[in-house]
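>>> Okay, predicted coordinates and the sequence, questions at the end:
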Number of protein chains: 4
Amino acid sequence: MIRVAIYNECIHEKNNEKAMAIYPNGIHSVIADFLKADDITVKCFTLETVEEITEEALKETDVLIWWGHVGHAKVPDEVAERVRDAVLTGMGFIGLHSAHHSKPFKLLMGTACHLGWRENGDMERIWNINPAHPITQGIGRYFELPHVETYAEPFGIPNPDEVIFMGWYEGGELFRSGCTFHRENGRIFYFQPGHETFPIFYDENVQTIIKNAVRWAAPVYRSEALVCPHIKKIGTEN
Amino acid sequence: MIRVAIYNECIHEKNNEKAMAIYPNGIHSVIADFLKADDITVKCFTLETVEEITEEALKETDVLIWWGHVGHAKVPDEVAERVRDAVLTGMGFIGLHSAHHSKPFKLLMGTACHLGWRENGDMERIWNINPAHPITQGIGRYFELPHVETYAEPFGIPNPDEVIFMGWYEGGELFRSGCTFHRENGRIFYFQPGHETFPIFYDENVQTIIKNAVRWAAPVYRSEALVCPHIKKIGTEN
Amino acid sequence: MIRVAIYNECIHEKNNEKAMAIYPNGIHSVIADFLKADDITVKCFTLETVEEITEEALKETDVLIWWGHVGHAKVPDEVAERVRDAVLTGMGFIGLHSAHHSKPFKLLMGTACHLGWRENGDMERIWNINPAHPITQGIGRYFELPHVETYAEPFGIPNPDEVIFMGWYEGGELFRSGCTFHRENGRIFYFQPGHETFPIFYDENVQTIIKNAVRWAAPVYRSEALVCPHIKKIGTEN
Amino acid sequence: MIRVAIYNECIHEKNNEKAMAIYPNGIHSVIADFLKADDITVKCFTLETVEEITEEALKETDVLIWWGHVGHAKVPDEVAERVRDAVLTGMGFIGLHSAHHSKPFKLLMGTACHLGWRENGDMERIWNINPAHPITQGIGRYFELPHVETYAEPFGIPNPDEVIFMGWYEGGELFRSGCTFHRENGRIFYFQPGHETFPIFYDENVQTIIKNAVRWAAPVYRSEALVCPHIKKIGTEN
C-alpha cells in the first residue's frame, strides 16, 4: 500500500474565478481522484490544516505531493523543516509547478529556485528525453498542453540527478520541466506544469506522469531517525 | 586578486590545551599564513566577530573558508543565510572538517550532513581519485595524516558533483574526504581533515589542497542579486 | 519473468586448482543457483559458446551478468558490440570483478577502466554508502569478505551515476566497489568482489547484492532498435 | 601556450555549392582564424591528412576540435582509438555539430549518440542555463542563430556532467545544445550548432563559446600513458 498525502494551499480555488471554475473542490481533490487505486490511499491537507502535517502524519506518509503559490510564506517553518526531514529519512516528495518556491522544496535544494516567468497562456510542448525512466512510461516522444504559465531558464536548482522532461514554449523559452533528485534516503520529483487557471491536472499525460512519479518516489527504505552516530572502533569497546 | 575570508569559531584554541598548544593564534591564523600570496588577500572572522560577516563583507569576498564545531548553534541564522545567498550569487565556499555540520553548509546541501565519528587518533590515508582535477594538482596517489578524527560513511550529503579524495582509516572506516558541489553560481569544496587537536593544517599536502581549492572556488562570474524575474514575451511588451 | 543470462568465460575453473576446488562447475553455475526464483530464468554462456550470444539471444535477455578475466581478448568484437547495443536498447548489465576490463564494459564506459591491483588475499570491508538504494536492501552498514583481490583507486571510469558501495582493504587501499551507470535505456551495475580463487559467490551478502541488482537492472522499457530518425517538421509533411 | 588542433573532414566545402560559398577555405580555416591568440597555436587536419593524427601529434595537442559528417566512416578506427586514448590521458576534445556521430565521440560516450534531425533552416534560440560556467562567459541569457539544422531529443548520450546550453527551435523541438563530460583526465565539450550550409562559425556568440571552450578543455594534468598498475602492498615489497 502506498500512502500518499497531498498538500494544496487551496487559496486560488476560493478567490480566483477561473481557478474556482476549473477546480471547484480544489486542485488536491482532482489529483486525489485520479491517483486512487487499489494499492494507494490518499489524504489531503490545505493551508488551513497545514499544522496537521505533524511528524506523526509524515511517518505515515510514503509520498507527499505539494502544490503552493501565494501561501508559501504562511506555511510555518517548522512544518517545512519536518517535511524536509521526512524526505531525508525516505519519504518521497513531488513538487508541482509553483512549488519550486515552496519552503520544503527550497530547503531540500539549498538554492533559491528562481526562474523567469510570464503568464501569456503559451502552449507548452513537453519532450520526453528519457524514455526508459519509470516516470515517463506511457508518454510518447512529446505531448502538448495548450495553455500554461511559462517558466524560463536559468532555473536556480542544483544539477538534477536526472532531467526527464524538457518544456518548449511557443513564445520562445524552454525549461527543465521534469527533474529528479535524491536527498539522503528520499526521492524528489519536480514537475513544471500545473497553473491554477488552466485545466492541466485533467490532462491524461499529466495524470500518467504523476501516477508514475508516486510509484517511483515511494520509499524502498525508511530510516527511523536522522542521527550522527558516535561509533566504536570496529572490534573494540571505545 | 582573490579575496579570501576565513571564519574560524576559535573556541577550542581558547579552552582546550592540546588545541592551544598546536594553534596558539587560532586555526585561522595558520591557514591565513600559508594562503598568503601576491594575488591573495585574507581576512579573518571568529565567533566573536561573526556578526561582521555582513552582506557587504560577503560581496567583497571571493572565497569563504569555514571551520566550526562546538559553536555551530551560536552562529546567527541570518549570517548563515547570508553566506548561503552569497554562494548562490557566485562566492566560493570551502568547508573544513566539522564544518559538515555548520549552518551554511547544511543550508547549501539541504540535508542533515550526518556521519559516523570517533576520536581514536587513527591514521588516515587520503587517496587522490581524480589526478586531473585542479584541486589535486601536486598531490600524489595518496598521502597520510598520522592522526585524525575518524569520519565514517554513510555521509548524509547529496551526490557530490565530484568525489576527488577518499579517506582510508586504519581502524576500518572510509569516507568521501574531498567533495565538490556547484550551487547556482557558487562552487563548494568540502574537505574532511582538520581536527583541532592534531597539527593537520601544518601538513604540506593539506596546505596544497586548500591553496588549490581557493583558486578553483574563486568565481568566474558573480550575479548582482538573486531574482525571480517576470519576463516579457520575446519581442513584445507583455 | 526476468530472463537472466550469465556469461562466465570459465577458464580458471578448468586450469587453476584453487578455482576448480571452489567452483567445480564454474562460477556461473553458483550464480545461476542462487538466482533461481519463481520469476527468474537463467541461461549460461561460456567462452566456448560465446558466439551463441547473438542479437536474437540478447533480445530475449533482460539482464546479462558478465564474468571474464584472462579470456577478454578472445571475446569477438562483434559479440561485445552486440552486448553494448542491447544495453543501449534497455537490457541490464552486471559486470563482476575483472569484468572491469571486459570488452562490453569498456565499450559502454568509453574509458580504459584501469585500476591498481594486487593479490595478497586482503580482507575487504564493504561499506554500504546508500542504504536507500534498491541494490543495498538487506545489507547492513558494512560486511566483510575475508580474502579478496585488492583493487585500488584511481579507477578509470566515468563519474558513476551512483556509488553505493565502497571497499576498504586491510592493506591500505580503497575502491568504489559498487557503482551504477545508465547508458541510454540500459542500467549497468559494476561490483568489485569476485576473484576466482576465493569463495566470494557463496557469501550471503554478495548473493543478496547480485539478486537485488538483477531486479534493479531489469528493463522497464526496451526500444526496438537504435535509430537516428529523420523527423518531419511538427504538423507538416517535410 | 595552448596547442589546438582542428580536424575538419572538409568534404562539403569541395562539393556543395552553399558550403563552398560560405567556407571557401574550409570550416577549419574559419575556426583557426578566430581562435588565433598570443597564447594559442592552431594546426589543421582534414580527411585527406587524417593519418597524420598520430600518437605523436596528439601528444603535442592540448585541445582537439572535431567537425565531421559524411566522412565519419572513412576515419580509420585506429585514429579514432588514438584520439579517445589521448583524451583519457588529458587532452581536451570539442565536438561540433554532426561530430555527435564521429567515431572518437561515440567511443568516448559509449552510446549510439542518435538524435532526431531535420533540415528546414529553423531559427535556433540558444539558452544559457549556466551563467557561471567558464564556457558561457560573455554570452547573455540567450542568443539566436537565424538558420540551423534542427536536432531533437532524445539525444542518446550518457547523462552529461553539465548541460550549459539548451536549444529552442522555432519548429517545436529542443535539444541539449551544449554539454560537458569528463572522461578520465580529459574534458569534453559538445556543441550543437555548426551546419555546413549556414554561416554559423562567423557568429560572434558561437566564436566566443568555442574560444571559451578551448581554454576550459585545456588540460591541467596529462598522464604519460594509460596503465593498469600491479601495485605492491603498501610498505612491503610484494
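Sure, I can see it.

>>> In chain A, which strand is the longest?
strand A:116-128 (DSSP state E).

>>> Whatever helix or strand comes next after that one and chain C, any residue contact?
Later in the chain than strand A:116-128, the nearest helix or strand by DSSP states H and E is strand A:142-152. No: residues of strand A:142-152 are not located near chain C by C-beta under 8 Å from any C-beta of the partner chain, the shortest gap being 8.6 Å. In this view, the C-beta of every residue, glycine as well, is placed from N, C-alpha and C.

>>> still on that earlier bit, now check the longest strand of chain A, is it near chain D?
Yes: counting by C-beta under 8 Å from any C-beta, chain D is contacted by strand A:116-128 at A:125, A:127-128.

>>> what's the nearest residue to A:Ile22 if we skip its chain neighbours?
A:Pro199 (5.0 Å; C-beta to C-beta, 6 or more residues apart in numbering or on different chains).

>>> State the number of residues packed around the one you found.
16 (other C-beta atoms under 10 Å in any protein chain shown).

>>> separation between it and A:Val206?
Using C-beta to C-beta, to the nearest Å, one obtains 10 Å as the distance from A:Pro199 to A:Val206.

>>> likewise A:Ile11?
Counting by C-beta to C-beta, the gap from A:Ile11 to A:Val206 is 21 Å.

>>> Likewise for A:Gly90?
26 Å.

>>> Then A:Asn25?
In terms of C-beta to C-beta, A:Asn25 sits 18 Å off from A:Val206.

>>> On the pLDDT front, check the nearest residue to A:Asp39 once chain neighbours are set aside for me.
Once flanking residues are discounted, A:Asp39 sits nearest to A:Met1: 5.5 Å by C-beta to C-beta, 6+ apart. At A:Met1, the pLDDT value in this model is 96.

>>> Let me see the contact set for A:Met1.
A:Met1 is in contact with A:39-41, counting by C-beta atoms under 8 Å, 6 or more residues apart in numbering or on different chains.

>>> just the residues you listed now: which is nearest chain D?
A:Ile40 (29.5 Å; C-beta to the nearest C-beta).

>>> centroid residue for chain A?
The residue lying closest to the centre of chain A (C-alpha atoms, centre = their mean) is A:Gly95, at 1.6 Å.

>>> quick one on the thing from earlier: and A:Ile11 and A:Val206? which has more neighbours close in?
A:Val206 (22 against 19).

>>> list the contacts for A:Lys59?
Taking C-beta under 8 Å, 6+ apart, we find A:Lys59 in contact with A:Ala86.

>>> phi, psi of it?
Main-chain dihedrals, A:Lys59, degrees, to the nearest 10: phi -60, psi -30.

>>> Show the average pLDDT along stretch A:202-212.
98.

>>> contacts for it?
A:30-31, A:34-35, A:37, A:65, A:94, A:96, A:126, A:134-139, A:143, A:145, A:165, A:178, A:191, A:193-194, A:200-201.

>>> if you set the cut-off to 10 Å instead, what comes out?
A:4, A:22-23, A:30-31, A:33-35, A:37, A:40, A:65, A:94, A:96, A:126, A:128, A:133-140, A:142-146, A:164-165, A:177-178, A:189, A:191, A:193-194, A:199-201, C:220 (C-beta atoms under 10 Å, 6 or more residues apart in numbering or on different chains).

>>> which of the residues in that stretch are buried?
Within stretch A:202-212, the residues that count as buried by 16 or more other C-beta atoms under 10 Å in any protein chain shown are A:203, A:205-212.

>>> Sitting in helices, which of those do you find?
A:205-212 (DSSP state H).

>>> Go through stretch A:69-80 and flag the buried ones.
Buried-residue list, stretch A:69-80, by 16+ other C-beta under 10 Å: A:69, A:71-72, A:75, A:79-80.

>>> Let me see the mean pLDDT of that stretch.
Stretch A:69-80 shows a mean pLDDT of 98.

>>> what distance separates the start and the end of that stretch?
Stretch A:69-80 has an end-to-end distance of 14 Å (criterion: C-alpha to C-alpha, to the nearest Å).

>>> mind checking which helix or strand A:Trp216 is in?
helix A:204-217.

>>> Let me know the angle separating that helix from strand A:142-152.
In terms of direction (axes from the mean of the first three to the mean of the last three C-alpha atoms, to 10 degrees), helix A:204-217 departs from strand A:142-152 by 80 degrees.
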